[in-house]
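>>> What follows is a predicted protein model with its sequence.
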Amino acid sequence: MTASGHHSTRAGHFHRALGVLDATTLVAGSMIGSGIFIVSAQMARELGSAGWLLAVWAFAGTMTVVAAALYGNLVARFPRAGGQYVYLREAFGPFVGFLYGWTLFLVIQTGTIAAVAVAFARFTAVLVPRIDGAMLVSGLSVERALAIVLVALLTAANCRGVEVGKTIQNVFTFAKIAALVAVILICAFAGAGGTLAHNFAAPFHRAASADLPLTAAIGSAMVGALFSADAWNNVTFAAEEIRDPERTIPRALIAGTVLVIGIYLAANVAYLFVLPAVGTPDAAGPLGRGIAYAARERVGTAVMEAALGRTGVVAMAVAIMISTFGCVNGLILSGARVSYAMARDDLFFAPAGRLSAAGAPAFALVAQAVWASALTLSGTYGDLLDYVIFAALLFYALTVAATLRYGSSGRVWRRLLAIAYVAAAGAVMLDLLVVKPRFTWPGLLIVLSGAPVYAWWTRRDRRRRRS
């Protein structure tokens, strides 16, 4: 370590360029992508009522804020690049840490980058209809090519240093929050009729079309809400680039998650101002289809179409493009720091553990972009993300459990919160194992596929050291 506290390498060092505001926009901007505009459709189908829809969003939001608050203990103890990877490594050993880093690189981070970049491209097609479904060459659509260009552009920007990345993040996070607030206000004014009253005449009476028992439906619907609220932990990956991380990151985690969950709840109430929670799948317009059967599950677009017509559709497309652009930037900026930390532990390609003169892990950024682009081309990112929601929740639960070992002594309320979170996460995971086995078991296999890789890598490292 240098006198200034930066982690030195032969080429460069991390720049502590992120303050409280920057760290908070990284939390909020990484969380808000395209999910809030989409996932309420499936949730409404499964839950079958407006009351249960809001209740599950509130439950998922509470779990997110509680976990973010508890992570502060670990940040104070291990303020290092890699964040959650470091916490798991220290609490449970390098094998568990590697499994997390492996799953993050293989699917969680890169798959999310691919999915959100494709969402950006698909909503660009709303503004430029010529590219909708158009092909450049066989097997490569214009939309996928645009998604790859976006990943490459933002990767190149972040290779110039964290100062460039934070500027992009701040601008687009403020823009997307402003856009969401505008949507909420438009819905509140446009939906001043009887739709909200209809939705809450019997808020917890489930529609006959909701075929899952309530307990199973809650667990299943939690997937969409938790996915939309995911990536709040990414700020911990960049701990060595944040000023006074022991104080700054806990504040940013709380402020960012509370802000986003508040906006998400307000957005869903706004949707219920305009559309019925459950309509009919074969209705002609958005009012008849409701939230549950919004065309192509684009709830945000359906709401704005009902409120403002075609103008609303275009406005929502622009809002989602702004949101997804900023989200991809945050994911790219932070994700590469985990590969960097793994490489410093000799558990990833050695060049990923070096910094450029600009203080950026350039090799790790490029490797992340290449794999995210490969997932974009393959089109498998959607299935992969469905598979790893269970795994991501498992790693969150393990990390929260680690707070029982580090930093919670003497704070009874923190220990109780940690136990409650692990119990809630365990209940959701058990529910998913039963209700969605097609997604949960493959997710576990993806995690466990890291075991032979870890064994091979550590054997190779031992041989290299002996020689």
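Cool, the structure landed.
>>> Every contact and neighbour count from this point should use C-alpha atoms.
OK.
>>> Which strand or helix spans A58?
Secondary structure from DSSP states H and E places A58 in helix 50-77.
>>> Report all helices and strands that that helix contacts.
Contacts defined by 3 or more C-alpha pairs under 8 Å, 6 or more residues apart in numbering; DSSP states H and E place helix 50-77 against helix 40-47, helix 214-228, helix 245-274, helix 381-402, helix 412-435.
>>> Report the angle between the fourth one and helix 412-435.
Angle of helix 381-402 versus helix 412-435, following axes from the mean of the first three to the mean of the last three C-alpha atoms, to 10 degrees, is 150 degrees.
>>> Counting by contacts, list what helix 381-402 packs against.
helix 50-77, helix 84-92, helix 109-127, helix 412-435, helix 437-448.
>>> Excluding sequence neighbours, find me the nearest residue to L185.
Spatial nearest neighbour of L185, chain neighbours left out: A270 (7.7 Å); criterion: C-alpha to C-alpha, 6 or more residues apart in numbering.
>>> Now for that neighbour: which residues touch it?
Taking C-alpha atoms under 8 Å, 6 or more residues apart in numbering, we find A270 in contact with 183-185, 187-188.
>>> rerun that using 10 Å as the cut-off
Shown in contact with A270 (C-alpha atoms under 10 Å, 6 or more residues apart in numbering): 183-191, 196, 264, 303.
>>> if we can go back for a sec, next, format the helices and strands packed on helix 50-77 as a markdown table and append distance to G72.
Formatted as a markdown table, these follow (distance: least, C-alpha to C-alpha, whole Å):
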| stretch | distance to G72 |
| --- | --- |
| helix 40-47 | 30 |
| helix 214-228 | 20 |
| helix 245-274 | 5 |
| helix 381-402 | 10 |
| helix 412-435 | 11 |
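>>> didn't L150 look like it was pressed against V328?
Yes: counting by C-alpha atoms under 10 Å, L150 touches V328, with 8.4 Å between them.
>>> From G335, how far out is F348?
According to C-alpha to C-alpha, to the nearest Å, F348 stands 14 Å off from G335.
>>> what does I446 give?
With distances taken as C-alpha to C-alpha, I446 is found 18 Å from G335.
>>> I'd like the average pLDDT over the host helix or strand of F95.
Assigned by DSSP H and E, F95 belongs to helix 94-103. When pLDDT is averaged over helix 94-103, the result is 97.
>>> packing partners for that helix?
Packing partners of helix 94-103 (3 or more C-alpha pairs under 10 Å, 6 or more residues apart in numbering; DSSP states H and E): helix 84-92, helix 109-127, helix 310-344, helix 381-402, helix 437-448, helix 450-466.
>>> ok now the fifth one, how far from the chain's centre?
Pointing back at helix 437-448 there. From the chain centre to the centre of helix 437-448 is a distance of 19 Å (C-alpha atoms, centre = their mean, to the nearest Å).
>>> and that helix, which residues are buried?
Residues 439-444, 446-447 are the ones in helix 437-448 that count as buried (16 or more other C-alpha atoms under 10 Å).
>>> so L226 makes contact with I389?
Yes: between L226 and I389 a contact is recorded at 8.2 Å, counting by C-alpha under 10 Å.
>>> contacting residues for S373?
When contacts are counted by C-alpha under 10 Å, 6+ apart, S373 touches 110-111, 113-114, 117, 144-145, 147-152, 367, 379.
>>> PyMOL command for the buried members of those residues?
In PyMOL syntax, the buried subset of the contacts of S373 is picked out as below (16+ other C-alpha under 10 Å):
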select buried, resi 110+111+113+114+117+144+145+147+148+150+151+152+367+379
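>>> And the contacts of S373, which is closest to A455?
Nearest to A455 among the contacts of S373: A367, at 21.8 Å, using C-alpha to C-alpha.
>>> Provide a list of residue ranges in the stretch 151-300 of the chain with pLDDT below threshold.
Applying pLDDT under 70 to the stretch 151-300 of the chain picks out residues 192-193.
>>> just to revisit the earlier point, deepest of the helices and strands packed on helix 381-402, which one?
Mean neighbours per residue, mean count of other C-alpha atoms under 10 Å, is largest over the helices and strands packed on helix 381-402 for helix 109-127, with a mean of 25.
>>> Can you spell out which helices and strands pack onto that helix?
Under the contact definition 3+ C-alpha pairs under 10 Å, 6+ apart, helix 109-127 sits against helix 94-103, helix 142-159, helix 310-344, helix 362-378, helix 381-402.
>>> Out of those helices, the one nearest A207 is which?
Set against A207 and scored by C-alpha to C-alpha, those come closest in helix 381-402, at 25.6 Å.
>>> Buried residues of the closest one, list them for me.
For helix 381-402, the buried set under the neighbour-count rule, 16+ other C-alpha under 10 Å, comprises 381, 384-402.
>>> My read is that M342 contacts W102, right?
Yes: taking C-alpha under 10 Å as the definition, M342 is a contact partner of W102 at 9.3 Å.
>>> tell me, what's touching those two both at once?
Joint contacts of M342 and W102 (C-alpha under 10 Å, 6+ apart) are 85, 348.
>>> Take the helices and strands packed on helix 381-402 and lay them out in TSV including distance to F98.
Converted to TSV, these look like this (distance: least, C-alpha to C-alpha, whole Å):
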stretch	distance to F98
helix 50-77	18
helix 84-92	7
helix 109-127	15
helix 412-435	21
helix 437-448	10
